[in-house]
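Asker: quick one: sequence and predicted model below, then my questions.
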Amino acid sequence: MKILFVIAALRNGGAERVLNVLANELSRDNEITIAVLEEDLGLYKFSEKISIINLNVTGSGVALKFKKIFVLRALFKKQKADLIMSFIDWTNVACVIANAGLKSKLIATEHHEHSYLKSKVASAMRDLAYRFVDGLSVLSKSDYDYYKFAKNREIIHNPLFIDVLEICEKQNVILSVARLEAVKGYDIYFEALSKVDKSLLNGWEIKIAGSGRQEAQLKQMASNLGLNIKFLGHMSDVSKLYSEAKIFVLSSRSEGLSNVLIESGALNCARISSDTVGARELINDGLDGLIFKNGDANDLKDKLEMLLKDENLRAKLAKNASKNANLFSIENISKQWREFIKKVVGK
């Protein structure tokens, strides 16, 4: 089968990692091409069997959106793929329009929760477009229910991207792994940390792995609040960090499905997360993690203090989270994708 993947850019993100894993897996017995609309930062290793087309579509605003559609239309006519797989909202919309009247099947993949788009116009365009896809993959039951108008939809979680190392001796580390961007809610996290009983933090290290546009701002905020935080920057391999950490914190304002919650759970971290669609999909509150009210620094402070005070609670949450690791194996998720593709394409 000839499969064409389409993505806006290959940067450091969850959708990109899904594409990387899925393309490599499917290249074993399919002809795979990846079309990148904007930029490829070279962060991912692809099979030599895979062809990558850098379209280098540049511009801004509405003009850029229309330019992408015209470029994709020409590409689709040339490629004549059996299946096009597109990634994330506007790229999905552009692919639906560009593929109109052509013979390729189209699966749109959503990696944000449905309420992520704040513009009513953008949301309406996305929802209209999804009525015309041949398949739609989503990350949560909440989104599956929302997109009931899509004729062929499936919940397929992200795979576990990291190797599950032998768990080394856990250390007094509170870890966070995320881009340093507003959506990740580090300002909420830092405010909560500043309110935690200082005696409880004695002997603990606070580490953050990730880079982003708010790096300087967040470092200044941490300094102003008197917080001793180790900013580790972007790290290509975070397995060892998870393996060493006792507590993992995710303070995002919005998450479709969080890879870091899957990864940290697999490596025996006691997880605390904001109340997002992704967190509710992955955490049973009080059983294999704790969920705090989204945007509420005081609630996060209370949850942190609970874990810092109670070693038995930390151990229980970590043990229960690790039991589900096999559900997110690349083998299991790839099998689900193959079955969905077969259902959509019919071969």
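Answerer: Yes, it's here.

Asker: for residue 248, give me phi and psi.
Answerer: phi -120, psi 130 (degrees, to the nearest 10).

Asker: my guess is residue 336 is in a helix, correct?
Answerer: Yes. Assignment of residue 336 by DSSP: H, G, I helix; E, B strand; the rest coil places it within a helix.

Asker: just checking, what packs against the longest helix along the chain?
Answerer: The helix that spans the most residues within the chain, counting by DSSP state H, is helix 61-79. Applying 3 or more C-beta pairs under 8 Å, 6 or more residues apart in numbering; DSSP states H and E, one finds that helix 61-79 contacts strand 2-7, strand 31-36, helix 89-98. Quick note: C-beta positions are derived from backbone N, CA and C, even for glycine.

Asker: out of these, which gets nearest to residue 82?
Answerer: strand 2-7 (4.9 Å; C-beta to C-beta).

Asker: which strands and helices sit next to the helix or strand following that closest one?
Answerer: Next in sequence after strand 2-7, counting helices and strands by DSSP states H and E, comes helix 14-26. Secondary-structure packing of helix 14-26 (3+ C-beta pairs under 8 Å, 6+ apart): strand 2-7, strand 31-36, strand 83-87, helix 330-345.

Asker: could you single out the most deeply buried of those?
Answerer: strand 83-87 (a mean of 25; mean count of other C-beta atoms under 10 Å).

Asker: how about the CA coordinates for the longest helix of the chain, as CSV?
Answerer: Extracted in CSV, the C-alpha atoms of helix 61-79 (Å, rounded to 0.1, in the frame of the first residue of the first chain):
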residue,chain,number,x,y,z
GLY,A,61,-1.8,34.5,7.8
VAL,A,62,-4.6,33.4,5.6
ALA,A,63,-2.4,33.5,2.5
LEU,A,64,-0.2,30.8,3.9
LYS,A,65,-3.3,28.6,4.6
PHE,A,66,-4.4,28.8,1.0
LYS,A,67,-0.9,28.3,-0.3
LYS,A,68,-0.7,25.0,1.6
ILE,A,69,-3.9,23.8,0.1
PHE,A,70,-2.7,24.4,-3.5
VAL,A,71,0.7,22.8,-2.8
LEU,A,72,-1.0,19.8,-1.2
ARG,A,73,-3.4,19.5,-4.1
ALA,A,74,-0.6,19.2,-6.6
LEU,A,75,1.3,16.8,-4.3
PHE,A,76,-1.8,14.5,-3.9
LYS,A,77,-2.3,14.4,-7.7
LYS,A,78,1.3,13.4,-8.2
GLN,A,79,1.6,10.9,-5.4
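
Asker: okay, the helices and strands packed on helix 14-26 in a markdown table with mean pLDDT and distance to residue 20 next?
Answerer: What follows is the helices and strands packed on helix 14-26, written out as a markdown table (pLDDT from 0 to 100; distance: least, C-beta to C-beta, whole Å):
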| stretch | mean pLDDT | distance to residue 20 |
| --- | --- | --- |
| strand 2-7 | 98 | 10 |
| strand 31-36 | 98 | 9 |
| strand 83-87 | 98 | 11 |
| helix 330-345 | 95 | 11 |
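
Asker: Serialize these to CSV and add fields for distance to residue 110.
Answerer: Below are the helices and strands packed on helix 14-26 laid out as CSV (distance: least, C-beta to C-beta, whole Å):
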stretch, distance to residue 110
strand 2-7, 13
strand 31-36, 19
strand 83-87, 9
helix 330-345, 13
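
Asker: rewinding a little: how much does the longest helix of the chain deviate in direction from strand 83-87?
Answerer: Counting by axes from the mean of the first three to the mean of the last three C-alpha atoms, to 10 degrees, helix 61-79 lies at 160 degrees to strand 83-87.

Asker: could you pull out the helices for the stretch 101-250 of the chain?
Answerer: Per DSSP state H, counting those that start in this stretch, the stretch 101-250 of the chain carries helices over the ranges 120-130, 141-146, 186-195, 198-201, 215-224, 239-244.
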